[in-house]
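Student: Prediction below, plus the sequence it came from.
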Amino acid sequence: MAWQDAIIDNGVSDWRIGQVEYVKNAWYVAGWASEFGDELRRVLILEENLLMFRATTGQVIALEDRCPHRQLPLSMGKRIGDEVQCGYHGMTFDCTGKCVRVPGQAGVPAQAVVESYQIHEKHGIVWVWMGDQEKADPNDVFDMAELQDPQWCAHQGDQLYLKSNYLNVAENLVDPAHVSFVHSTTLGSPASEDVPVQFDTKADPLVAWRWIRNAPPVGFFQEFGGFTGNVDRWHYYYLHTPCTAVIDFGSADSSLALSDEDRDQGVRIFALHFMTPLDAEHTIDRWMHVRNTAIGDNAVSKKMDELFRIAFGEDKIILEAVQVEENRPSKRPPVRIGIDKAPNVYRRRIERLIAAEQKTERIAAQ
Amino acid sequence: MAWQDAIIDNGVSDWRIGQVEYVKNAWYVAGWASEFGDELRRVLILEENLLMFRATTGQVIALEDRCPHRQLPLSMGKRIGDEVQCGYHGMTFDCTGKCVRVPGQAGVPAQAVVESYQIHEKHGIVWVWMGDQEKADPNDVFDMAELQDPQWCAHQGDQLYLKSNYLNVAENLVDPAHVSFVHSTTLGSPASEDVPVQFDTKADPLVAWRWIRNAPPVGFFQEFGGFTGNVDRWHYYYLHTPCTAVIDFGSADSSLALSDEDRDQGVRIFALHFMTPLDAEHTIDRWMHVRNTAIGDNAVSKKMDELFRIAFGEDKIILEAVQVEENRPSKRPPVRIGIDKAPNVYRRRIERLIAAEQKTERIAAQ
Amino acid sequence: MAWQDAIIDNGVSDWRIGQVEYVKNAWYVAGWASEFGDELRRVLILEENLLMFRATTGQVIALEDRCPHRQLPLSMGKRIGDEVQCGYHGMTFDCTGKCVRVPGQAGVPAQAVVESYQIHEKHGIVWVWMGDQEKADPNDVFDMAELQDPQWCAHQGDQLYLKSNYLNVAENLVDPAHVSFVHSTTLGSPASEDVPVQFDTKADPLVAWRWIRNAPPVGFFQEFGGFTGNVDRWHYYYLHTPCTAVIDFGSADSSLALSDEDRDQGVRIFALHFMTPLDAEHTIDRWMHVRNTAIGDNAVSKKMDELFRIAFGEDKIILEAVQVEENRPSKRPPVRIGIDKAPNVYRRRIERLIAAEQKTERIAAQ
């Protein structure tokens, strides 16, 4: 469906607020690899608290962060080798979550266990599997050839804390149209306001994109591309279900008249967003960037961080205001417009995945 | 019914807390005229957020402050002439609330509208009609001859923010008896403690009043009346349903033995209170004063502001403590006493108005 | 049941969180005697606000802290002799809670009363009876011979505010096992980690205890016992239903091989804890200590305060973290282990008392 044919879709089933749920059978980013060391750390993901640390083997461990006895967070206890001792009565758990010691008594109750979570570390990112642990497959962890390609330069940015549900964050990341208004002085410009958005919503990731041809370079590419004359600029948004987005954007001299396939010939930057839902109203967006220019130049990386920090701070203001508004009563369903094509498909996809997981759980419980 | 005959009225139907509702078909004060200029302003009234600004015509505009697309407050967007552009995707609305532009697509969905509210500006006060817009009649806006009479001096005071439901604020403003205890050093004195309150509850406004004859002048009239000997002091409380109160109080030398009709011969002051319910537990009380002494003397106006600020701050402490208490569970209905005559009538009047409005809405919905 | 035989008891009926109730027919500590003087004071106990002050007779008075008219806390009013005048309209109450004056009218409504509570003051502690006032018996107030014995030295410590329900606080005070882990550098040491706890749960108080024989003195007894060689150390925890705990702990030279009955021959200290439940998630723990050493030496009293302050601050951190955790959803009931014997009995005892009181109330209401 092209944007021109867009109709209002009020049939979307989620306009009632405050009932956010999560796809559990998925890899979520628990943190950058550098966030995990010897110390016990408490990490909130999908409303569950995890105790995380790096074992002597180098492997990152994730356990349920609550002693099954008196409910004290195990992260308030202490590490003894690769075991964790509760700070209240000394019950001690190994890396699999099994209790191996109850001080003052000989036996250990069979129920004295905490959940443990599969972890996979790749490209300096620690992923955790939040659902059925038997379904965790490291082959499903997000990857991208450019993260290891010497002709590209990858750099980790911040972890941005948002008082917003993850669905709105994700939808913002498959939405090129907001750039003209939210980022009018950083990533966008008024030149793009009326340029149609195109979509491919058949596969995963969802894709939404547009080219702004033959316009002055926006601030970002004045800074990093050194452009002075008019450029062709593209914004490709790839949203991988449930919580990873890759924004491919770049500019090239308009005289080159680049096609979709030739984007590597321009100054091309990928902004990667790994969203971690904390609870119904809070999300962490860890972002990084990968570029085909100024390879190995750390000053450029830092400068790029600064500009992204400003731009993503612009999104934060919008998304947090929307969250406040969604928490208030609503008189009627929201209006949907042409640019919502990919966000609408995303939300229905999430709904279907959650419904399927819940059905499986109900069957298993019978 | 005179105060002496007052009986305890436990039949009042509202003693259960936390279910505050509002009369919608009424003019409420949205602000002093000086509060509205070019900039977009968010204003909360009856739990609804309004976007308000002064158009190039000079007319104050009030729209629903929420974009129907992604729920962003329109007040976070920007003004383009007399239209307002949403800060998220640029949807643009005119002064009637109609969407006139959806960037990136040709058509505008019919549902893309926000509510607009009737506004009436008079005597430097901006009133808004919160209910059925077809029922708004500017002739119903509160007025008072003294506001334009050169023999009187009107002066706008503060907007006092109260963590209290509006019903308790209103009842405090048809209650002369509290003055002896809450304002014992400012507007009242112990001399009045046992003076009966009189009522006229047949019409709107409700009236409650008493005279304290032949007593030393209270602080306020020592300051502004220059009285040294004993005075006759009156307190007349007029409460207009739902949210406007006029307190007429003054003093005159006791030797004059003024009657009700002769109050203009004394030093007479009207304190006007315009209550704007924000939500179930918050109210703004905009107050001003009108006097028949020291006409045009701004120093006196300022000095009067200061004394009122102290006195109304005394009410604020009481009303906010009562709100906290009303939010806690109650074991039994409150006791009602003689001085509650007018407050009781007020509350039943409000209840009846709300019930009638809800009945009309139910019929309309069928 | 000896600790070795301990089994997991998942049958405990209270593992669902957030429904804390209280035994009402019991004496609770309202404060140290020194906390009450002429001024009106608001005191929260079992979710009820009390107005308390010391009358001219010296007797401490406790009334319901809410005017039955407009719900203003009476503690915001003023004292006139031994009567209390509401700060809103001057309704005045005597020490029994009876209204004796309604300014502006002749009669006083029969319903114009506030509840009054029985008070008993002993050993510098003010106790209040929160339930059926006819059942209050001063003979039931906690007592202990050492509080008046010249061979013992009693000293009041702090009132420790805990963001924790009282049940968890109480259970911590009949639990010697946590000392090895929570107080490892103050009251305990690793030497005790695996020493079994013994119980006597037949009568009230519940008792839980253990001896740690022939071990180095812990910090506390290095400081106050002057021990250098190995000592026998005991911890006896007595928990009186519902909210008083006495911890009897001490040390003696191991060569003496003290028996249970000979504890007075060692350096013996009682730490008394008077728990006052404020609401479902907040408790005040007023603690004091009584010792058989350094009688009358105030410097030692102060020094002991300091060490207890540190130790009880360690409990506070644990208990508040557990409260936060209990407020979150739980996937399964907690595991119970051998050392939970006395806490489990305590909780069932409380449950039975509450159930019995509620049954009596239901019968009375019929």
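Tutor: That came in fine, so what should we check first?
Student: any idea which element residue A:232 lies in?
Tutor: Using DSSP states H and E, residue A:232 falls within strand A:231-240.
Student: Can you tell me the strand partners of the next helix or strand after that strand and which way each runs?
Tutor: Using DSSP H and E, the helix or strand that follows strand A:231-240 in sequence is strand A:244-253. Using DSSP bridges, the strands paired with strand A:244-253 are strand A:231-240 (antiparallel), strand A:267-279 (antiparallel).
Student: Now do strand A:244-253: everything it contacts.
Tutor: Here strand A:244-253 makes contact (C-beta atoms under 8 Å, 6 or more residues apart in numbering or on different chains) with A:142, A:144, A:170, A:173-174, A:187, A:205, A:217-218, A:221, A:225, A:227, A:229-240, A:258, A:262-263, A:265-275. Where C-beta positions appear, they are placed from N, C-alpha and C, glycine not excepted.
Student: could you check the distance from residue A:130 over to residue B:89?
Tutor: To residue B:89, residue A:130 is 32 Å away according to C-beta to C-beta, to the nearest Å.
Student: How about the residues of the stretch 201-350 of chain A by chain B?
Tutor: Proximity of the stretch 201-350 of chain A to chain B, by C-beta under 8 Å from any C-beta of the partner chain, involves residues A:317-318, A:321-322, A:325-326, A:328, A:330, A:332, A:334-339.
Student: Just among the residues you listed, which is most surrounded?
Tutor: residue A:337 (27 neighbours; other C-beta atoms under 10 Å in any protein chain shown).
Student: any idea how far it is from residue B:109?
Tutor: Distance of residue A:337 to residue B:109, computed by C-beta to C-beta: 7 Å.
Student: Now do the helices in the stretch 251-366 of chain A.
Tutor: With helices called from DSSP state H, counting those that start in this stretch, the stretch 251-366 of chain A shows them at A:298-326, A:341-365.
Student: Could you list the buried residues of the last one?
Tutor: Judged by neighbour count (16 or more other C-beta atoms under 10 Å in any protein chain shown), helix A:341-365 contains these buried residues: A:341-347, A:349-351, A:353-354, A:357.
Student: any low-confidence regions in the stretch 1-150 of chain A?
Tutor: Low-confidence segments of the stretch 1-150 of chain A (pLDDT under 70): A:1-19.
Student: Please work out how many residues are found near the residue nearest to residue A:263 when sequence neighbours are not counted.
Tutor: Nearest non-adjacent residue to residue A:263, counting by C-beta to C-beta, 6 or more residues apart in numbering or on different chains: residue A:250, 5.9 Å away. Using other C-beta under 10 Å, residue A:250 has 26 neighbouring residues.
Student: What's opposite residue A:250 in the beta bridge?
Tutor: residue A:234, residue A:268.
Student: Can you check the pLDDT for it?
Tutor: Note on residue A:250: pLDDT of 95.
Student: any idea how far the residue lying closest to residue A:140 once chain neighbours are set aside lies from chain C?
Tutor: The shortest distance from residue A:140 to any non-neighbouring residue, by C-beta to C-beta, 6+ apart, is to residue A:27 (6.1 Å). For residue A:27, the distance to chain C equals 22 Å [C-beta to the nearest C-beta, to the nearest Å].
Student: what's the closest of the strands paired with strand A:244-253 to residue A:40?
Tutor: Among those, strand A:267-279 comes nearest to residue A:40, with 18.9 Å by C-beta to C-beta.
Student: and the angle from the closest one to helix A:298-326?
Tutor: For strand A:267-279 against helix A:298-326, the angle by axes from the mean of the first three to the mean of the last three C-alpha atoms, to 10 degrees is 40 degrees.
Student: what distance separates strand A:267-279 from the centre of its chain?
Tutor: Relative to the centre of its chain, strand A:267-279 is centred 5 Å away, using C-alpha atoms, centre = their mean, to the nearest Å.
Student: what do you get for stretch A:30-38?
Tutor: Taking C-alpha atoms, centre = their mean, the mean C-alpha location of stretch A:30-38 is offset from the chain mean by 16 Å.
Student: In CSV, could you pull the C-alpha coordinates for that stretch?
Tutor: Written as CSV, here are the backbone C-alpha positions of stretch A:30-38 (Å, rounded to 0.1, in the frame of the first residue of the first chain):
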residue,chain,number,x,y,z
ALA,A,30,20.8,-6.5,28.8
GLY,A,31,23.7,-4.1,28.4
TRP,A,32,27.0,-3.3,26.7
ALA,A,33,29.6,-5.9,27.5
SER,A,34,31.5,-3.2,29.4
GLU,A,35,28.7,-2.8,31.8
PHE,A,36,29.3,-6.2,33.4
GLY,A,37,32.3,-7.1,35.6
ASP,A,38,32.9,-8.8,38.9
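Student: residues of that stretch that come out buried?
Tutor: Judged by neighbour count (16+ other C-beta under 10 Å), stretch A:30-38 contains these buried residues: A:30-33, A:35-36.
Student: Now distance to chain C and secondary structure too, for those residues, in a markdown table please.
Tutor: Shown next, in a markdown table, are these (distance: C-beta to the nearest C-beta, whole Å; DSSP: H, G, I helix; E, B strand; the rest coil):
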| residue | distance to chain C | secondary structure |
| --- | --- | --- |
| A:30 | 19 | strand |
| A:31 | 21 | strand |
| A:32 | 26 | strand |
| A:33 | 28 | helix |
| A:35 | 22 | helix |
| A:36 | 22 | coil |
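Student: Residue A:256: how many residues sit nearby?
Tutor: Residue A:256: 12 surrounding residues under other C-beta under 10 Å.
Student: Quick check: it touching residue A:230?
Tutor: No. Applying C-beta atoms under 8 Å, one finds residue A:256 not in contact with residue A:230, separated by 11.2 Å.
Student: start to end distance for stretch A:126-136?
Tutor: 14 Å (C-alpha to C-alpha, to the nearest Å).
Student: quick one: that stretch near chain C?
Tutor: No. If you take C-beta under 8 Å from any C-beta as the test, stretch A:126-136 misses chain C, and the best it gets is 13.6 Å.
Student: Might you report the residue contacts of the closest residue to residue A:182 other than its chain neighbours?
Tutor: Spatial nearest neighbour of residue A:182, chain neighbours left out: residue A:314 (5.1 Å); criterion: C-beta to C-beta, 6+ apart. When contacts are counted by C-beta under 8 Å, 6+ apart, residue A:314 touches A:182-183, A:186.
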